[in-house]
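S.K.: Take a look and give me a structure for this.
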Amino acid sequence: MEKEQFIGIVEGILLPLFTGSKIVGEEESTARDSEVAQGASGTVLIKPYKQDEYRLIVKRNQPFKSNEVSIIKSIMSELIKVSEFNITEPTYLKRMQTTAIEKAICNSLSETASETLLGLINALGHWVDRTYEGRRTSFGIVLNESTSIQNKMDNLKYSSVLQSDFSALLSDGRLSCLEFDKDGYIMGHLIMERIRYAPTLCPYDFINFARLCNEKRIGIALLESGDMLLFKNRELMFARRRGVWNSYSHEEIIQLLSNRSSHTIKEIRRAIYYTALDVSFSGCGGCIVYLNKDKSEQALSHINAYDILSEKHYEIKREMEKEEAGKLYNLDNPDYEEVVNNDFSAFIQSSNCVKSATILKIIGNKKFHELNRKLREELVAMDGATIVDYDGTIIATGAIIKIEAGSKAGGRLAATKTLARYGVAIKISQDGIIQGYTYDKKAFKARNVFSVG
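M.R.: Here you go, the predicted structure:
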């Protein structure tokens with residue numbers, strides 16, 4: 001395989017699975033080197049065949065884990081097989097390449113039932129462009145890879161059940177699902193709200209489903225949007241969104257939210273990541289900022305006083321406004337009058353503070369990680385940014401940020417990069433991509449530290 005062709009396969013098919021990854025160079029290689037291997041600083045080294053004398057260096061901001069390297073190895077093996085067929089028809093080639101990725105994903109999730117899992121994914125895929133009584137449907141499927149039922153009936157295999165219209169009414173992937181055995185024969189119907197509590201790593205709407213998907217149960221949720229989610233070990237493992245498969249490295253991103261600081265609290269970082277994940281799957285988009293310790297005063301220079309929810313931070317902002325109002329060019333400027341002349345209790349009652357007063361009434365004195373998870377999602381999904389201090393205090397939510405002069409990015413990205421100066425700033429786009437930024441002091445600009453979705 002020519003190097004240009006191989007680079008095209010890696011860039012066009014493999015890298016989208018690991019959001020934010022890219023080819024950063026290549027190194028010399030010999031026949032003793034593996035086709036796929038872990039490289040320095042969390043990179044992955046890839047070449048098509050043993051005898052090739054080069055390996056591409058693939059990097060992303062969060063390091064590749066060993067299990068991800070194994071998945072890449074399996075994917076590349078399948079893609080190389082496809083390339084050897086010399087398929088020239090573009091649509092068929094793309095379908096074969098997608099199947100290769102799906103086969104590798106299934107192999108990584110199950111050693112004993114990967115073929116059945118792949119069949120279920122393909123069967124549900126036929127519903128992506130179908131409707132039932134004029135509406136798109138959602139499905140919840142669980143593959144129990146530890147069970148093989150007796151008295152199997154061919155008309156009760158997934159290939160028969162899922163192609164029938166009635167199956168569109170039997171599960172939704174949130175509160176109900178159909179369960180199949182390791183060979184693909186239906187076992188029954190499960191109501192998921194009865195599932196015992198267990199910690200999960202997944203979007204809010206799928207908590208009950210994820211609890212069901214333990215070490216021996218693999219869950220597949222097909223959404224009305226056509227997105228498909230795969231669960232195991234009570235967490236979201238993979239998702240096909242906008243037709244592209246993505247993998248999820250939850251704990252690595254939660255760790256990256258510490259921004260290499262010792263003062264951060266894991267409970268807060270976990271709450272912020274969960275909320276970003278929830279907003280990602282809500283289709284709304286949002287911006288969350290987790291400030292470094294002692295950075296709140298600097299961040300307040302970008303926040304309007306009318307958006308501030310914390311009395312402590314309002315008083316800091318008030319002193320800043322007093323200082324600004326006392327400057328010669330601002331004497332008698334009415335823009336500062338209301339802030340300078342009112343303490344927080346009086347200020348929050350002004351007609352300009354309806355939003356802040358309402359939110360304050362809803363959240364009370366609770367910190368970000370103490371709020372109900374659904375409420376956190378709704379707050380962050382509001383237009384504007386949610387700013388959280390290092391100890392979890394909510395400084396503002398739905399805040400319109402004063403961005404740096406000369407910014408060429410869109411409003412939400414510009415606000416995210418501006419506030420990245422003071423901590424970790426997360427942008428969640430409407431199409432679900434989560435991007436985290438911090439400030440690179442050497443380059444004097446915000447840099448992306450993780451991407452997912």
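
S.K.: Next, count neighbours for the residue lying closest to residue 436 once chain neighbours are set aside.
M.R.: Nearest residue to residue 436, sequence neighbours excluded (Cβ to Cβ, 6 or more residues apart in numbering): residue 450, at 4.5 Å. The way it works is simple: take the backbone N, C-alpha and C, and place the C-beta from them, glycine included. Applying other Cβ atoms under 10 Å, we find 23 residues neighbouring residue 450.

S.K.: Next: residue 220.
M.R.: Here the number of neighbours of residue 220 (other Cβ under 10 Å) works out to 25.

S.K.: Give the helix, strand or coil label for it.
M.R.: Classification of residue 220 using DSSP: H, G, I helix; E, B strand; the rest coil returns strand.

S.K.: Now it: closest residue in space, sequence neighbours ignored.
M.R.: Take residue 220 and drop its neighbours on the chain: the residue closest to it by Cβ to Cβ, 6+ apart is residue 141, 4.4 Å away.

S.K.: which residues sit against the helix or strand where the one you found lies?
M.R.: Using DSSP states H and E, the element containing residue 141 is strand 139-144. Contacts of strand 139-144 with the rest of the structure, by Cβ atoms under 8 Å, 6 or more residues apart in numbering, involve 110, 113, 116-117, 120, 124, 127, 158, 162, 167-168, 171-174, 176-182, 187, 190, 192, 209, 212-213, 216-222.

S.K.: Ok, stretch 247-267 next?
M.R.: Contacting residues not belonging to stretch 247-267 are listed as 17-18, 61-63, 65, 68, 71, 201, 235-239, 269-270, 272-273, 277, 290, 292-293, 369, 390-392, 423-424, 434, 436, 438, 449-450, 452 [Cβ under 8 Å, 6+ apart].

S.K.: I'd like to know which of these are part of strands.
M.R.: Among those, the ones falling in strands (DSSP state E) are 235-239, 290, 423-424, 434, 436, 438, 449-450, 452.

S.K.: just curious, which of the residues you listed is nearest to residue 316?
M.R.: Of all these, residue 423 has the smallest distance to residue 316: 16.2 Å, by Cβ to Cβ.

S.K.: which residues does the closest one contact?
M.R.: Contact analysis of residue 423 by Cβ under 8 Å, 6+ apart lists 259, 289-292, 295, 299, 390, 438.

S.K.: just residue 121 next, same as before
M.R.: Contact analysis of residue 121 by Cβ under 8 Å, 6+ apart lists 102, 106, 220, 228.

S.K.: which one of the residues you listed is nearest residue 306?
M.R.: residue 228 (42.5 Å).

S.K.: contacting residues for the closest one?
M.R.: Residues near residue 228 by Cβ under 8 Å, 6+ apart: 121, 124-125, 220-222, 239-240.

S.K.: Kindly check the end-to-end length of stretch 428-438 for me.
M.R.: Stretch 428-438 has an end-to-end distance of 15 Å (criterion: Cα to Cα, to the nearest Å).

S.K.: Stretch 224-232 now?
M.R.: Length of stretch 224-232, first residue to last, Cα to Cα: 21 Å.

S.K.: Going by neighbour count, list what's buried in it.
M.R.: Under the neighbour-count criterion of 16 or more other Cβ atoms under 10 Å, stretch 224-232 has 227-232 buried.

S.K.: Determine the longest helix present in this protein.
M.R.: helix 90-109 (DSSP state H).

S.K.: Residue 396 belongs to a helix?
M.R.: No: counting by three-state DSSP, residue 396 is not found in a helix; it is strand.

S.K.: got the phi/psi numbers for the closest residue to it other than its chain neighbours?
M.R.: Spatial nearest neighbour of residue 396, excluding adjacent residues (Cβ to Cβ, 6+ apart): residue 307 at 4.3 Å. Reported as degrees, to the nearest 10, the phi and psi values for residue 307 are phi -100, psi -10.

S.K.: Pull the contacting residues for residue 307.
M.R.: Counting by Cβ under 8 Å, 6+ apart, residue 307 touches 355-356, 384, 396-400.

S.K.: What distance separates the opening and closing residues of stretch 281-294?
M.R.: Start-to-end, stretch 281-294 (Cα to Cα) is 32 Å.

S.K.: Please, where are all the strands along the stretch 51-200 of the chain?
M.R.: Ranges of strands in the stretch 51-200 of the chain, per DSSP state E, counting those that start in this stretch, are 54-59, 139-144, 176-181, 186-191.

S.K.: Run the angle between the second one and strand 176-181 for me.
M.R.: This points to strand 139-144. Angle, strand 139-144 to strand 176-181, by axes from the mean of the first three to the mean of the last three Cα atoms, to 10 degrees: 30 degrees.

S.K.: Then the first one?
M.R.: Using the same axes, to 10 degrees, the interaxial angle of strand 54-59 with respect to strand 176-181 works out to 150 degrees.

S.K.: ditto for the last one
M.R.: What separates the directions of strand 186-191 and strand 176-181 is an angle of 150 degrees, with the same axes, to 10 degrees.

S.K.: what packs against the helix or strand following strand 186-191?
M.R.: Using DSSP H and E, the helix or strand that directly follows strand 186-191 along the chain is helix 207-212. Applying 3 or more Cβ pairs under 8 Å, 6 or more residues apart in numbering; DSSP states H and E, one finds that helix 207-212 contacts strand 217-222.

S.K.: just how off-centre is the strand it packs on within its chain?
M.R.: 18 Å (Cα atoms, centre = their mean, to the nearest Å).

S.K.: The residue nearest to residue 220 pairs with what?
M.R.: Per DSSP bridges, the residues bridged to residue 141 are residue 178, residue 220.

S.K.: Can you lay out the buried residues of stretch 224-232 as CSV showing secondary structure and distance to residue 96?
M.R.: Compiled in CSV, the buried residues of stretch 224-232 are given as follows (DSSP: H, G, I helix; E, B strand; the rest coil; distance: Cβ to Cβ, whole Å):
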residue, secondary structure, distance to residue 96
227, coil, 22
228, strand, 19
229, strand, 23
230, strand, 20
231, strand, 26
232, strand, 25
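
S.K.: so what's residue 245 up against?
M.R.: By Cβ under 8 Å, 6+ apart, the neighbours of residue 245 are 16-17, 101-102, 105, 238-239.

S.K.: how does it look with 7 Å?
M.R.: By Cβ atoms under 7 Å, 6 or more residues apart in numbering, the contact set of residue 245 is 17, 101, 105, 238.

S.K.: Tell me which helix or strand comes right after whatever helix or strand it lives in.
M.R.: Assigned by DSSP H and E, residue 245 belongs to strand 244-247. For strand 244-247, the following helix or strand on the C-terminal side (DSSP H and E) is helix 250-256.

S.K.: And that following helix, what's buried?
M.R.: Buried residues in helix 250-256, defined by neighbour count with 16+ other Cβ under 10 Å: 250, 252-256.
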